[in-house]
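1. my questions concern the predicted model and sequence given below.
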Amino acid sequence: MRSRILTALAFTIPLLSGCSSWEYEKFEPDKKFVPAKDFGLYAGAARTVITPKVTDTWIDVDGNHRYNPDVDTYEDVNGNGKFDAVWMAGYQSSKPARGVLDDLYSSAIALSDGSKTIVFVSLDLIGFFYSDYLKVVKPLEGIVKADEIVICSTHSHASSDTHGIWGPNGETGVDTDYMEFLREQIRESIVKAVQNLQPAYGEIASNVYSEFVEDYRRPMRMDERLTACVIRSLKSKETIGSIIHWANHPDMLDHPNLMISSDWVGALRRAWENGVPGVEAKGGVTVFLNGAIGGQIEPPDQGIWSLDGTKLITDNTKEKVEAMGGRIALAAERFWKNREPLFLGRPRIDFITREVDVPLENPRFIAALEAGLFPTMDYEKADNYVFKTKLGVISVGALMFVTTPGELYPELFIGGIETPPGSDFPEDDSPTWPAVLPMMRARVPLVVGLAFDTLGYIIPKSEWDDDDSPPYLYGANESPYGEMNSVGPSVAGIWYKNAVELIDELQKKYTLLPYKPSHRDESASYSGFGLYEDYTDYEPRYVTRGSTTIDYYYYHGYYFPYAHGRRIPYSYYELDLYKLYGIPWYAPQDNPGYFQNPYIDWHYNNYIAPRGGSGSQGQQSAGNTWSSGVLEPAVPGRNRNLNRR
């Protein structure tokens, strides 16, 4: 595990660091745009550069990757008599950038169904506070027709300090001039994305991808799915934009790096858009959405083979970053070529969001706040510090997103919360909470991390250990990493409660599309699986695979299959999803042996049943593999988490 050094909070009396003179051309939106209502899906995308200007460079004389004015030297390029540093985020404080390895971007994609329009924005930043989010979106009210704007951070550990805790000698690392430039550039990407809306269609490919990612904190839970949604122009068939979702820390360059970079996220975008050997160039604007990366989900310390397979790259360099990004793109390309993508033709777009109050319980962050290290954060102070954040659930046809304002521990989403020995709160009931993922009735349910805000790690309270004295979690020799960079132990419960309520509220707005029994199974029960108000396009189709007859029916570009009067997983992705997370409505109750698989049994016994969740009792029969001529055996190596207990 690569170490994380956060010494910024060991500060003295802080002063705002000198702000450089930041010059830029202010963007002025030139028109309002309201999409027409004569087609099912509209999409538009845009990208703007948000790279800070690195003017002065420096020499790290003592080689500790931190600037010490008594030892290190700098070159006063602009001749103003001071060191105009761009302080880097993610690791130790007092770490100025030497230059730019690759640009940082604000990448935006707007989606509309003619009734509602939502914009997803991905920033190559360590994070972006909710107070800064409001400063971006408030000026756009009445200017751009966007019903909701979701701004997320990739969490690059080679970006500049947008929070304030990575500055020098107890001073804030935030450059207020850069923050104003940043907000203008984000607005420009949003407005241009909405202005570029045009009739479109999309395709979604998703599957488990567990290379280059590890969990370094027990209880070892990961959401290992890689999802790519490519949205193309209905007229030209050219790519408008892509949404790629995966859960992993962008910190491959590691803490010795002194160059501004988007890390492997930028390499992934370049490979996906421009193509590499084995990956067809998609074009368009790729928007990367990170997932549940708390606990500690990040790349392992291992070599990565170059794309041509001739070189094992071990040093954490740009070459290694490019290889990792390219190989992630290769995996997504394989999903497209080997598995039939889900079609996104006439999706219903809807969302529910809400503001919630979160207490600031971390004494380190309270001290930093009182010392002025967070110059852009808004808060209320009464008996303690309370600030507002935002949560949401968004439905885009087969896709459903639940947002989290930080680095969510995956067990809060996929299940498996524990009360380990050494917990500060052994009485907390969070291990009994059902997993959130199975609550989301969508073909591709995803959690989007660092959305609307950045609250650090969101840790189940029963797994919290911030005590300086033993016993430590799981009998370790020291307290775990994570708590020092969280707002406190209460935020996980606040997120879970509101996420569950928002999911339920959104799904209750719609009549779930039911299964209409075929003539071969008049007694089959209804089974919902998507947010649609009607099923007027119902059209039954019948095909035979092997010895099994399957009912298909067509609905707005989708083919939905049923077997033995029950729905079977539509794609290989759904097979993997079922195996990983045991989503209960995929289980045929009248034929419990149909989907037997050891990994389902393991997941059911360890995640679902003990936590009070739901599942098919028929899943508990172990020892069988996928049966019948309809389903193929699982891919070897897919069940590697079986050894992670």
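-> Thanks, I have it. Worth saying up front: this structure is predicted, and the values here are computed from it rather than measured. Numbering: from 1, shown residues only.

2. so where's the stretch 201-350 of the chain uncertain?
-> The model of the stretch 201-350 of the chain has pLDDT under 70 over residues 339-340, 345.

3. ranges for the helices of it?
-> With DSSP state H, counting those that start in this stretch as the criterion, the stretch 201-350 of the chain has helices at 263-274, 318-338.

4. what residues sit buried inside the last one?
-> This points to helix 318-338. Neighbour-count burial for helix 318-338, with 16 or more other Cβ atoms under 10 Å as criterion, is recorded at 318, 320-333, 335-336. (Each C-beta comes from the backbone N, C-alpha and C, glycine too.)

5. which other helices and strands does that helix contact?
-> Helix 318-338 is packed against strand 198-208, strand 225-233, helix 263-274, strand 304-305, strand 312-313, with contacts defined by 3 or more Cβ pairs under 8 Å, 6 or more residues apart in numbering; DSSP states H and E.

6. CA atoms of stretch 164-181 as CSV?
-> Provided in CSV are the C-alpha atoms of stretch 164-181 (Å, rounded to 0.1, in the frame of the first residue of the first chain):
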residue,chain,number,x,y,z
GLY,A,164,-6.8,24.4,1.6
ILE,A,165,-5.0,21.8,3.8
TRP,A,166,-2.0,21.2,1.5
GLY,A,167,-0.4,24.6,1.7
PRO,A,168,2.9,25.6,3.3
ASN,A,169,3.6,25.9,7.0
GLY,A,170,0.0,25.9,8.2
GLU,A,171,-1.2,28.3,5.5
THR,A,172,-4.0,27.6,3.1
GLY,A,173,-3.0,26.1,-0.2
VAL,A,174,-6.0,27.6,-2.1
ASP,A,175,-5.3,30.3,-4.7
THR,A,176,-8.5,32.3,-4.7
ASP,A,177,-7.8,33.7,-8.2
TYR,A,178,-7.4,30.2,-9.5
MET,A,179,-10.7,29.2,-7.9
GLU,A,180,-12.5,32.0,-9.7
PHE,A,181,-10.9,30.9,-13.0
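
7. list the buried residues in that stretch.
-> Residues 164-175, 177-179, 181 are the ones in stretch 164-181 that count as buried (16+ other Cβ under 10 Å).

8. quick one: that stretch to chain centroid distance?
-> Stretch 164-181 has its C-alpha centroid displaced from the chain centroid by 25 Å (Cα atoms, centre = their mean, to the nearest Å).

9. now do it, average pLDDT.
-> Stretch 164-181 shows a mean pLDDT of 95.

10. what's the answer for stretch 136-149, then?
-> Mean per-residue pLDDT for stretch 136-149: 94.

11. tally of neighbours for the spatially closest residue to Arg443 that is not a sequence neighbour?
-> Of all residues beyond its chain neighbours, the one nearest Arg443 is Ala398 (3.8 Å), with distances taken as Cβ to Cβ, 6 or more residues apart in numbering. By the criterion of other Cβ atoms under 10 Å, Ala398 has 24 neighbours.

12. can you pull the pLDDT of Ala398?
-> Note for Ala398: predicted pLDDT of 82.

13. of the buried residues of stretch 164-181, closest to Gly114?
-> Closest approach to Gly114 among the buried residues of stretch 164-181 (Cβ to Cβ): Phe181, at 34.4 Å.

14. that closest one looks like it's in a helix, true?
-> Yes. Phe181: assigned to a helix according to DSSP: H, G, I helix; E, B strand; the rest coil.

15. can you list the helices and strands that the helix or strand hosting Ala43 packs against?
-> Assessed by DSSP states H and E, Ala43 sits inside strand 42-49. Packing contacts for strand 42-49, counted by 3+ Cβ pairs under 8 Å, 6+ apart, involve strand 105-112, helix 176-195, strand 198-208, strand 239-246, strand 285-290.

16. fine by me, thanks again.
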